[in-house]
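Undergrad: A structural model of the following input is requested.
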Amino acid sequence: MGFLVGKTAIITGGGRATLSDGSCGSIGYGIATAYAKEGANLVITGRNVKKLEAAKEELERLYGIKVLPVQADVSAGADNEATVQNVVDKAMEEFGRIDVLINNAQASASGVTLADHTTEQFDLALYSGLYAAFYYMKACYPHLKETKGSVINFASGAGLFGNYGQSAYAAAKEGIRGLTRVAATEWGPDGINVNIVCPLAWTAQLEKFKQTYPEAFEANVKMPPAGHYGDVEKEIGRACVQLASPDFKFMSGETITLEGGMGLRP
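TA: Sure thing, here's the model as predicted:
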């Protein structure tokens, strides 16, 4: 247990997902595990209730912290402000404070060219990513101001490098980066630091893709110079722990590429 004992983190997209060897299999769950090991109480959101309940059971049993799962989905046509405010209200009712907000959840249609993208596909990426980050940041702001907390938003190399077939995803992620930089400027005087992580990690989704379509995987998924894909808990989650630590409080508005050297591409 570490410096996060007694503190509360909200992690979107934090439902339980595992690799074939039983280890953490999604970035959200990897972050949740890393934070649980540091003693943080967690509020995890997602669309799949079973995954949220499974995360609660495992994290509470293994690490002795408290987990509040709240089903939440930010999408076109929904009352998204009310959805997000409900998460924040429940967090305050349960724990009385919010110290860290991690906007990790994102849905998108990949492999669709810009010319072929539909409005519905574009909305899917913008609402689940950019709008969700906007609503969560607004709703959490007064509580983060009280605790002089931290915000960690997730962007992607898709936006940094213009990945083929990911126009909506890239647009959403670059929007999140802009939003983050503005928040760093506006919220710095409140003692809130706000940063961006662009990860490349080995997930259950990527593992399934390799198993199901080995040739497509070989043709499209590049190995980072580091020689392995990031571990969602030890290399992504642990970095997120540090970004909320006192040691990194002066860092704000920055984009950190956790891509094993892939972030060095011109």
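Undergrad: elements contacting the strand or helix carrying residue 171?
TA: Under the assignment given by DSSP states H and E, the secondary-structure element containing residue 171 is helix 167-187. Helices and strands in packing contact with helix 167-187 are listed as helix 119-125, helix 132-147, strand 150-154, helix 157-161, strand 193-199; criterion 3 or more C-beta pairs under 8 Å, 6 or more residues apart in numbering; DSSP states H and E. C-beta here means a position set from N, CA and C on the backbone, and glycine is covered the same way.
Undergrad: export those to CSV and tack on mean pLDDT and distance to residue 88?
TA: Shown next, in CSV, are those (pLDDT from 0 to 100; distance: least, C-beta to C-beta, whole Å):
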stretch, mean pLDDT, distance to residue 88
helix 119-125, 96, 23
helix 132-147, 98, 4
strand 150-154, 98, 13
helix 157-161, 89, 27
strand 193-199, 97, 17
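Undergrad: Low-confidence bits of the chain, can you list those?
TA: Applying pLDDT under 70 to the chain flags residues 1, 216, 263-266.
Undergrad: any idea how far the residue of it most remote from its centre lies from residue 249?
TA: In the chain, counting by C-alpha atoms, centre = their mean, residue 215 sits farthest out from the average C-alpha position, at 29.0 Å. For residue 215, the distance to residue 249 under the criterion C-beta to C-beta, to the nearest Å works out to 47 Å.
Undergrad: One more: residue 37?
TA: 21 Å.
Undergrad: which of these two has more neighbours?
TA: residue 37 (19 against 14; other C-beta atoms under 10 Å).
Undergrad: check contacts around the residue nearest to the spatial centre of the chain.
TA: Centroid-nearest residue in the chain, with C-alpha atoms, centre = their mean: residue 104, separated by 1.6 Å. Taking C-beta atoms under 8 Å, 6 or more residues apart in numbering as the criterion, residue 104 is in contact with 11-14, 27-28, 31, 154.
Undergrad: same thing with residue 4?
TA: If a contact means C-beta under 8 Å, 6+ apart, then residue 4 has 35, 38-40, 99-100, 241, 244 as its contacts.
Undergrad: now residue 118
TA: Shown in contact with residue 118 (C-beta under 8 Å, 6+ apart): no residues.
Undergrad: likewise the one 3 residues further on?
TA: Residues in contact with residue 121, defined by C-beta under 8 Å, 6+ apart, are 108-109, 112, 168.
Undergrad: Out of the helices and strands packed on helix 167-187, which gets nearest to residue 85?
TA: Closest of the helices and strands packed on helix 167-187 to residue 85 is helix 132-147, at 5.3 Å (criterion: C-beta to C-beta).
Undergrad: Which positions in the closest one come out as buried?
TA: 132-137, 139-141, 143-144, 147 (16 or more other C-beta atoms under 10 Å).
Undergrad: which helices and strands sit right next to it?
TA: Helix 132-147 packs on strand 8-12, helix 80-95, strand 100-103, strand 150-154, helix 167-187, going by 3+ C-beta pairs under 8 Å, 6+ apart.
Undergrad: how about these in JSON lines, adding mean neighbour count?
TA: Written out in JSON lines, the entries for the helices and strands packed on helix 132-147 read as follows (neighbours: other C-beta atoms under 10 Å):
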{"stretch": "strand 8-12", "mean neighbour count": "28"}
{"stretch": "helix 80-95", "mean neighbour count": "17"}
{"stretch": "strand 100-103", "mean neighbour count": "28"}
{"stretch": "strand 150-154", "mean neighbour count": "25"}
{"stretch": "helix 167-187", "mean neighbour count": "20"}
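Undergrad: can you redo those as a markdown table with distance to residue 47?
TA: Putting the helices and strands packed on helix 132-147 into a markdown table (distance: least, C-beta to C-beta, whole Å) gives the following:
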| stretch | distance to residue 47 |
| --- | --- |
| strand 8-12 | 10 |
| helix 80-95 | 11 |
| strand 100-103 | 15 |
| strand 150-154 | 17 |
| helix 167-187 | 17 |
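Undergrad: Relative to residue 254, which of the ones you listed is closest?
TA: Residue 254 sits nearest to helix 167-187 of all the helices and strands packed on helix 132-147, at 8.1 Å, using C-beta to C-beta.
Undergrad: Export that closest one to PDB, keeping only CA atoms.
TA: What follows is the C-alpha trace of helix 167-187 in PDB, where atoms were taken according to Å, rounded to 0.1, in the frame of the first residue of the first chain:
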ATOM      1  CA  SER A 167     -10.300   9.200 -38.500                       C
ATOM      2  CA  ALA A 168     -13.100   9.400 -35.900                       C
ATOM      3  CA  TYR A 169     -10.900   7.800 -33.200                       C
ATOM      4  CA  ALA A 170      -8.000  10.200 -34.000                       C
ATOM      5  CA  ALA A 171     -10.300  13.200 -34.000                       C
ATOM      6  CA  ALA A 172     -11.700  12.300 -30.600                       C
ATOM      7  CA  LYS A 173      -8.300  11.700 -29.200                       C
ATOM      8  CA  GLU A 174      -6.800  14.900 -30.500                       C
ATOM      9  CA  GLY A 175      -9.800  16.700 -29.100                       C
ATOM     10  CA  ILE A 176      -9.100  15.200 -25.700                       C
ATOM     11  CA  ARG A 177      -5.500  16.400 -26.000                       C
ATOM     12  CA  GLY A 178      -6.600  20.000 -26.700                       C
ATOM     13  CA  LEU A 179      -9.200  19.800 -23.800                       C
ATOM     14  CA  THR A 180      -6.400  18.600 -21.500                       C
ATOM     15  CA  ARG A 181      -4.000  21.400 -22.400                       C
ATOM     16  CA  VAL A 182      -6.700  24.100 -21.700                       C
ATOM     17  CA  ALA A 183      -7.600  22.400 -18.400                       C
ATOM     18  CA  ALA A 184      -4.000  22.400 -17.400                       C
ATOM     19  CA  THR A 185      -3.900  26.200 -18.000                       C
ATOM     20  CA  GLU A 186      -7.200  27.000 -16.300                       C
ATOM     21  CA  TRP A 187      -6.900  24.600 -13.400                       C
END
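Undergrad: Great, nothing more from me.
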